[in-house]
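> here you go, sequence then predicted model.
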Amino acid sequence: MKGRHEIFFDEDRLCIEIARGTGVLKGFEIPKNKQDALLYHSGQLIDINWQSVQMIGDRCCLVFYPNDFFTELPVSAFELSGTLRPDCFELLRKLSHALEMAGDRLYLNMDSVPLSNIWFFPNGDILLLSGQMGDELDMFELDEDRFWDKEAWLAHNCVEGFGKIHYLFQLLYYSLTTVVPFASPTVRENGFRAVPMNLLFEDANATTAELSRIVDKAISDDRKFQLSQRRPFAFFRSIIDRYTDVPLSTFKPGYNPDIEAYRQKSERRARRKAFVRKKGFKTTMIVIGVMIVVAIASWYIYRAVKPPLTRDLNETQIIEYYYDALTNLDVGAMDEPLKSGYSGPDTVQVSSLYVTSVMQKTYEGTSLVVDPRKWIAEGMGPLAPSSVVYGVTDVQVQQLSDDVFRATVSLWTSSNYLDDRNDLIYEDGMDVYKYVQVSDFTFRSRGDWREVTKIETVSLTLDQVIHVSYR
């Protein structure tokens, strides 16, 4: 990726090409109050006045007045991953000083700086164009050029004061890997979760892994981490200092076999999110329709079957019947032994999983809701990505009184019920939770059968966490 704007000297004046073609300046007016550019020179910022936007031959250019600082042509920041890459650590260190000193003098309400606004001189000076000058360049850019110049670098969900550091770490990621972290459509669809930097190195090692971990953290949307950096510019420079003496050959961009698995999962996740974003309303209507159908079907099953199908079962058998229906995601069967008007505490969860299963079968041809009984019988092997384990095994029933029976079951689920904030998401697998759940079933007699009037959870204890790999 290279910058579109060429730079050259014309009679000792430094000129940055904006566009080509006669007539491009028709109707163009120079702002009355021009904002100076800034030159980072010997640890200081110097205001650099610019002359105008004018035609030089057939080229429309942003032109500076002659000055003693401009003796050689600078190189665009686009070259941080190219010709400037061997010096990227030192250049980014100087750029961090320049941006820290500039504060809001470059851009108001904008943390990142377009790459076309940053120019590195061979002697170590850095030219920073003002926001006004950047707008002149932006005015004539094509949409694609504008994306790579500006939009691909905008910080996302940063706390106040961390935005420019987020941007500098993006530039470090770009310099070392030659990849713009948030440019990929897959990355942008996945909530701007960049590819882990270490997966972009051909010879990943402990050194690349350590720096990658820091950079990945810095360009994530971890607001707690961002808030913890009281001196963000100093933090960035401390990382640069740590790796300045490491040979750049250590960071060799290229193909890493480990990236394939990550890329496949990211693309699947992106497709799902794109589907929801583009067809979310239709999907919601289908889900509501399915839920209505399920509700009507359940009602007619209940009305059509009197007495219930559990008429000839005793209390223990009724409880076993209930849990079997729950694991089969059969809401209608779950309602059979229940008192009219009482839906039980598990109905909403089972109904939701049933709708999920139906939708998956409709769009993907198979359901990813896993019956733990079948999974256990098959050896508890790897599961497909996005699988949901849910169901009950090992039902034991104890009679507490004439009408109250206590059921102790093993509840299998993919959710951390005890602390849903700590659900862990892995790229290579998932956690399956096994709980011991104790519930009391209260019965009453109706006609010549028994029905359940209330189900109360007495306790829910985490028994085991099993990490299952994806197949």
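Everything's here; your move. Numbers count the residues shown, from 1 in each chain.
> and stretch 401-416, how far out from the chain middle?
37 Å (Cα atoms, centre = their mean, to the nearest Å).
> restricting to C-alpha, output that stretch in PDB.
Only the C-alpha atoms of stretch 401-416 are listed here, as PDB (Å, rounded to 0.1, in the frame of the first residue of the first chain):
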ATOM      1  CA  SER A 401     -44.100 -35.900  51.900                       C
ATOM      2  CA  ASP A 402     -47.400 -37.100  50.300                       C
ATOM      3  CA  ASP A 403     -47.300 -34.300  47.700                       C
ATOM      4  CA  VAL A 404     -43.600 -33.100  47.600                       C
ATOM      5  CA  PHE A 405     -40.900 -35.100  45.700                       C
ATOM      6  CA  ARG A 406     -37.300 -33.900  45.500                       C
ATOM      7  CA  ALA A 407     -35.400 -34.500  42.200                       C
ATOM      8  CA  THR A 408     -31.600 -34.500  42.000                       C
ATOM      9  CA  VAL A 409     -30.300 -34.300  38.400                       C
ATOM     10  CA  SER A 410     -27.100 -33.600  36.500                       C
ATOM     11  CA  LEU A 411     -27.700 -30.500  34.400                       C
ATOM     12  CA  TRP A 412     -25.500 -30.100  31.400                       C
ATOM     13  CA  THR A 413     -25.200 -26.700  29.700                       C
ATOM     14  CA  SER A 414     -22.800 -24.400  27.800                       C
ATOM     15  CA  SER A 415     -23.700 -21.500  30.100                       C
ATOM     16  CA  ASN A 416     -22.000 -20.400  33.300                       C
END
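> going forward, the N-terminal residue is numbered 43.
Right, with 43 as the first residue, what we last looked at is stretch 443-458.
> confidence-wise, which helix or strand of the chain is lowest on average?
helix 301-346 (a mean of 70; mean pLDDT, DSSP states H and E).
> give me the next element, helix or strand, following that one.
Toward the C-terminal end, the helix or strand that comes next after helix 301-346 (DSSP states H and E) is helix 357-369.
> which other helices and strands contact that next one?
Contacts defined by 3 or more Cβ pairs under 8 Å, 6 or more residues apart in numbering; DSSP states H and E place helix 357-369 against helix 373-377, strand 430-441, strand 446-455, strand 471-488, strand 491-511. (Each C-beta comes from the backbone N, C-alpha and C, glycine too.)
> for that helix, which positions count as buried?
357-358, 360-369 (16 or more other Cβ atoms under 10 Å).
> also stretch 475-492?
Using 16+ other Cβ under 10 Å as the test for burial, stretch 475-492 gives 475-477, 479-483, 485, 491-492.
> for stretch 431-451, same thing?
Residues 431-435, 437, 439, 447-449, 451 are the ones in stretch 431-451 that count as buried (16+ other Cβ under 10 Å).
> quick check: the two most widely separated of those?
Checked with Cβ to Cβ, the buried residues of stretch 431-451 reach their widest spread between Val431 and Phe447, with 26.7 Å between them.
> so where's this structure uncertain?
Applying pLDDT under 70 to the chain picks out residues 43-45, 64-74, 150-151, 312-327, 338, 341-347, 462-467.
> pop the domain breakdown of it in here.
As given by automatic domain parsing, the domain ranges for the chain are 49-296, 311-511.
> gap between the first one and the chain center?
The gap between where domain 49-296 is centred and where its chain is centred comes out at 24 Å by Cα atoms, centre = their mean.
> now do the last one
Chain-centre distance of domain 311-511: 30 Å, with Cα atoms, centre = their mean.
> quote the end-to-end distance of that domain.
Taking Cα to Cα, to the nearest Å, the first and last residues of domain 311-511 lie 17 Å apart.
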